[in-house]
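Enquirer: Only the shape, not the letters, is given here:
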């Protein structure tokens, strides 16, 4: 029965990326639906979603957990806390999660890529992440068609010997796909956090809510790639970001909506000099680029930013709408702030603020048009200090 279930859902769910782990920081353009053949360069030789013999079903029922398909003794259970430890095992693995618990978790220790299939699961963990992936290789998070899945952490984490940075935390590169819904509530740190890069694909719907005791909606170290799906991020914490990336953010598709309402945070460094951290829809330390899809950002807190980027903001297609309505008591609200340049060459680009500048590329010029570079010939263009609208 379990194998039959797996074979029925695989054609709609199998999403394998042709990028290898060795190339994961340079090329993310190659991905495709496959018939189950192995398409990356990991040395395990198996597609992570096609070996039914390595499928483990984990179902929560309150404080109880049932586990089936664990033929190798990978799984241990303590109350409703589940640990999967495969060690150096090279076989493929799929974990199918279902059921509901108000006091449980999933911790995975593994050295090879694998898949988590969310098939109608709700996990709340009062003292840590709901799901904690301690594998540095690829993790495929797939929402089963039509399923609704919910992950929630607590307001404080217990001390552990391993990292735990959000309600859903992953050490390795993480791919989200499928045609179901994933709701993630971050109450302590981030809603979703990854120490590598994150890619969102397919028809998946991801809703994240970060409370005033949390931090960011999505935190990625090595890159954020939105190629499809519907992504809704709400952050109410002071200084919180909808998407916080230590590297670059690239959007080629999907529908993304980000709302922040937190105010600016003031901190003093060792020399006693005040430093401010503003809430922002997107904050990235490298390049921000968008060539397709839609992105809507609203920021209402004091000094809030729509997009805050250390390098270029390059917009060449899709629909971008940014609006900030916050005050400038502590920090100046900006629609788009880049340290090196704002370049617009296609699509529909709309940025507005109640105060300060809609676009700011670091230029000292008081001429609004000097704050961005417009390439090509737009159908219409209006560039003012508080509002910039460009349509191709």
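Expert: Cool, the structure landed. Since the structure is predicted, the reported quantities are computational estimates derived from the model, not experimental observations.

Enquirer: got any ranges where this protein has weak pLDDT?
Expert: 1-53, 90, 268-270, 272-274 (pLDDT under 70).

Enquirer: any idea which helix or strand comes after the lengthiest strand in it?
Expert: Ranked by residue count under DSSP state E, the longest strand found in the chain is strand 114-125. With elements assigned by DSSP states H and E, the helix or strand that comes after strand 114-125 is strand 131-133.

Enquirer: Within the sheet, what are the partner strands of that following strand, with directions?
Expert: With DSSP bridges as the test, strand 131-133 is paired with strand 104-110 (parallel), strand 166-170 (parallel).

Enquirer: What helices and strands are in contact with the helix or strand that comes right after the last one?
Expert: To tie it back to what came earlier, the one meant is strand 166-170. Past strand 166-170, further along toward the C-terminus, the next helix or strand under DSSP H and E is strand 174-178. Strand 174-178 sits against strand 139-143, strand 197-200, with contacts defined as 3 or more Cβ pairs under 8 Å, 6 or more residues apart in numbering; DSSP states H and E. Quick note: C-beta positions are derived from backbone N, CA and C, even for glycine.

Enquirer: any idea which of the strands paired with strand 131-133 is most buried?
Expert: strand 166-170 (a mean of 29; mean count of other Cβ atoms under 10 Å).

Enquirer: how big is the angle separating that one from strand 114-125?
Expert: Interaxial angle, strand 166-170 versus strand 114-125 (axes from the mean of the first three to the mean of the last three Cα atoms, to 10 degrees): 160 degrees.

Enquirer: if we can go back for a sec, between the helices and strands packed on strand 174-178, which one is closest to residue 307.
Expert: strand 197-200 (17.4 Å; Cβ to Cβ).

Enquirer: Residue 221 touches residue 196, doesn't it?
Expert: Yes: contact criterion Cβ atoms under 8 Å: residue 221 and residue 196 qualify, at 6.2 Å.

Enquirer: Using CSV, lay out the strands paired with strand 131-133 together with distance to residue 376.
Expert: Listed next are the strands paired with strand 131-133 as CSV, based on distance: least, Cβ to Cβ, whole Å:
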stretch, distance to residue 376
strand 104-110, 48
strand 166-170, 39
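
Enquirer: Wait, residue 257 touches residue 229, no?
Expert: No: Residue 257 is beyond contact range of residue 229, at 11.8 Å (criterion: Cβ under 8 Å).

Enquirer: How many neighbouring residues does the nearest residue to residue 149 once chain neighbours are set aside have?
Expert: Nearest non-adjacent residue to residue 149, counting by Cβ to Cβ, 6 or more residues apart in numbering: residue 118, 4.0 Å away. Around residue 118 there are 27 other residues, counting by other Cβ atoms under 10 Å.
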